[in-house]
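Chemist: Dropping the sequence and predicted coords here.
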Amino acid sequence: MVQTLLRTGDEVYPFALERYDPEGKSKIDLACDIIQSVRTSNQPTYVLMDSWYPSSTVLQCSVKQGFHVISGLKTNRIFYPQGIRQSLKNFASYKLEIGY
């Protein structure tokens, strides 16, 4: 199941619940469809997602809607800080040197 809740202030509302079918759309495509169906607002909108979902497709879909994303990241994720391909696991092992 791919589920979406909307929250405003202290109120939480069910918005979408999609059944994942392995022979149909992927979970990523379902998540993007749901994100695209949320109306944009003048207020900052945040997408809080499970660490399974922050693929480049879902992140780009969220940004296109003008939404901010909050999520954990799995250590096997690949990302491109300053255009350099890195695994999150390798990147997290670097020690930053701060000069004073």
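Modeler: Everything's here; your move.
Chemist: just the strands in the chain please.
Modeler: Using DSSP state E, the strands of the chain run over residues 2-8, 11-18, 46-49, 68-71, 78-79, 86-87.
Chemist: For my notes, please list the ones you listed in a markdown table and give mean neighbour count, mean pLDDT and distance to residue 55 for each entry.
Modeler: C-beta here means a position set from N, CA and C on the backbone, and glycine is covered the same way. Listed next are these as a markdown table, based on neighbours: other Cβ atoms under 10 Å; pLDDT from 0 to 100; distance: least, Cβ to Cβ, whole Å:
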| stretch | mean neighbour count | mean pLDDT | distance to residue 55 |
| --- | --- | --- | --- |
| strand 2-8 | 13 | 86 | 13 |
| strand 11-18 | 12 | 88 | 17 |
| strand 46-49 | 16 | 91 | 10 |
| strand 68-71 | 13 | 92 | 10 |
| strand 78-79 | 13 | 82 | 10 |
| strand 86-87 | 14 | 86 | 15 |
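Chemist: Include distance to residue 27 when you put these into a markdown table, please.
Modeler: Formatted as a markdown table, the strands of the chain follow (distance: least, Cβ to Cβ, whole Å):
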| stretch | distance to residue 27 |
| --- | --- |
| strand 2-8 | 6 |
| strand 11-18 | 9 |
| strand 46-49 | 11 |
| strand 68-71 | 14 |
| strand 78-79 | 19 |
| strand 86-87 | 22 |
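Chemist: out of those, which comes closest to residue 24?
Modeler: Residue 24 lies closest to strand 11-18 among those, at 9.6 Å (Cβ to Cβ).
Chemist: Any idea how far the closest one is from the middle of the chain?
Modeler: 17 Å (Cα atoms, centre = their mean, to the nearest Å).
Chemist: Equivalent analysis for stretch 69-83, please.
Modeler: 10 Å.
Chemist: Dump it to PDB, restricted to CA.
Modeler: C-alpha atoms of stretch 69-83 as PDB (Å, rounded to 0.1, in the frame of the first residue of the first chain):
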ATOM      1  CA  VAL A  69      11.300  16.600   1.300                       C
ATOM      2  CA  ILE A  70      12.100  15.100   4.700                       C
ATOM      3  CA  SER A  71      13.300  11.500   4.700                       C
ATOM      4  CA  GLY A  72      15.900   9.200   6.000                       C
ATOM      5  CA  LEU A  73      18.400   7.800   3.500                       C
ATOM      6  CA  LYS A  74      19.500   4.200   3.100                       C
ATOM      7  CA  THR A  75      23.300   3.800   3.000                       C
ATOM      8  CA  ASN A  76      23.200   2.100  -0.400                       C
ATOM      9  CA  ARG A  77      21.900   5.300  -2.100                       C
ATOM     10  CA  ILE A  78      24.000   7.000  -4.700                       C
ATOM     11  CA  PHE A  79      24.000  10.800  -4.900                       C
ATOM     12  CA  TYR A  80      26.000  13.500  -6.600                       C
ATOM     13  CA  PRO A  81      27.400  16.100  -4.300                       C
ATOM     14  CA  GLN A  82      29.000  18.800  -6.500                       C
ATOM     15  CA  GLY A  83      28.400  16.500  -9.400                       C
END
